[in-house]
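> dropping the sequence and predicted coords here.
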Amino acid sequence: MSELVDIGELLARHREGKGWRALARAITVVENTPPWDVESPDVERPVYTIGFTGPPGAGKSTLVGRMIEAYSEAGARVGVVAIDPSSPISGGAVLGDRVRMEAHLEREGVYVRSLASRGSHGALASCARNVARMLEASGSFDVILIETVGAGQTEVAIAGLADTVVLVTVPGLGDAVQTIKAGLVELADIVVVNMADRPGVAETMRHFRLTLGHDVDVLKTTAIEGEGVSELRQNLEARWTRFVESGELVGRRREKELAEATLVAEEWVRACAKNGEGQSAHTMSEAVRVILEEAATTWRR
Ligand SMILES: Nc1nc2c(ncn2[C@@H]2O[C@H](COP(=O)(O)OP(=O)(O)OP(=O)(O)O)[C@@H](O)[C@H]2O)c(=O)[nH]1
Ligand SMILES: [Mg+2]
């Protein structure tokens, strides 16, 4: 069985003051390790982790760039994880995000890291979670922003990493809820109708307000102009204060980790079944048992 990789140990050099380079190296180790072989660090001080997700081109990167600006102007140190579930590491989308965020890379206390897809949905989500936890444990950040493009299950899994999920959408998506996967809409804590400089904003906001529950806020932004960004930040901060003061945070995080573990387990069982385990079984119950046993004995090897 493979050895567990200890995030705390990996981070030691960074903590000793070796800077971003040491952090980047540590992240690369985590990126190249199966996510379940990474030992989560003890978190001394939880760092608010905010996920931005939504359909391609909705303005997620532009909005995240604005959030970086707003947070760092308020004196916060910002860690950013940009995830592209479809493109390889050298792919255009990841580069594009880097370029769009580049203006903010030079800011002191801002660190941006891109992750590209590898393996299954669960693996990518777990890898992203490990990277986010690493940024948290590094002690170098006051807020962590995660951006991911809309891509079904991956998006749902990744959205689940964040303490608060912001669904970024645009006006006039028609019946927006149909365009955006129902599961994702359910995951959203805040819906942002971006590109509010375009027609149909009020109608789209109304549509979401009618469709979603009361605890989901529907806001609008014009990310290119920076409009609505401070309102979004206020909303996010109020949620964080509530999580911390009510003690809700711990339970929320545990729940989300369990959902992610379930996804990983499901994928593992599916992979075993696909490999033909259970084919020689004579009965359904025997097949189930063989598949589950195979899954239990082979995972993490
Ligand atoms: N008109 C208008 N355009 C915007 C606004 N926000 C972003 N854009 C533009 O929309 C395009 C896509 O923006 P991105 O920030 O790259 O969108 P994204 O959701 O990150 O895109 P992917 O990561 O490729 O899915 C860019 O050309 C932005 O300049 C806005 O508020 N109004
Ligand atoms: Mg983007």
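Nice, I can see it. Ligands and ions are numbered 1, 2, ... in the order given.
> phi, psi of whichever residue of the stretch 201-301 of the chain sits closest to ligand 2?
For the stretch 201-301 of the chain, the residue closest to ligand 2 is A223, as judged by C-beta to the ion, at 10.9 Å. C-beta: built from backbone N, CA, C; applies to glycine. Backbone torsions of A223, given as degrees, to the nearest 10, read phi -60, psi -40.
> isn't L219 up against S230?
No - applying C-beta atoms under 8 Å as the test, L219 and S230 come out as separate, 10.9 Å apart.
> and the two? Which one has more around it.
L219 (19 against 13; other C-beta atoms under 10 Å).
> who does that one bridge with?
V192 (DSSP bridges).
> which stretch of helix or strand covers A58?
Per DSSP states H and E, A58 falls between elements, in no helix or strand.
> same thing with L115?
Assigned by DSSP H and E, L115 falls in strand 110-116.
> now whichever residue of the stretch 101-250 of the chain sits closest to ligand 2, what's its secondary structure?
Nearest to ligand 2, among the residues of the stretch 101-250 of the chain, is E147, at 5.8 Å (C-beta to the ion). Per DSSP: H, G, I helix; E, B strand; the rest coil, the secondary structure class of E147 is strand.
> how many neighbours does it have?
E147 has 27 nearby residues by other C-beta under 10 Å.
> so what pLDDT did it get?
pLDDT, E147: 88.
> so what sits opposite it in the bridge?
F52, A82.
> is it true that it touches F52?
Yes - shown here, E147 and F52 form a contact pair, counting by C-beta under 8 Å, at 4.8 Å.
> anything in contact with each of those two?
Shared contacts of E147 and F52 (C-beta atoms under 8 Å, 6 or more residues apart in numbering): 60, 64.
> please state the mean pLDDT value computed over the top helix by length along the chain.
Scanning the chain for the longest helix, with DSSP state H as the assignment, gives helix 248-274. The predicted model gives helix 248-274 an average pLDDT of 85.
> for it, name the packing helices and strands.
When contacts are defined as 3 or more C-beta pairs under 8 Å, 6 or more residues apart in numbering; DSSP states H and E, helix 248-274 sits against helix 121-137, helix 153-159, helix 229-246, helix 284-298.
> I appreciate the help and will end here.
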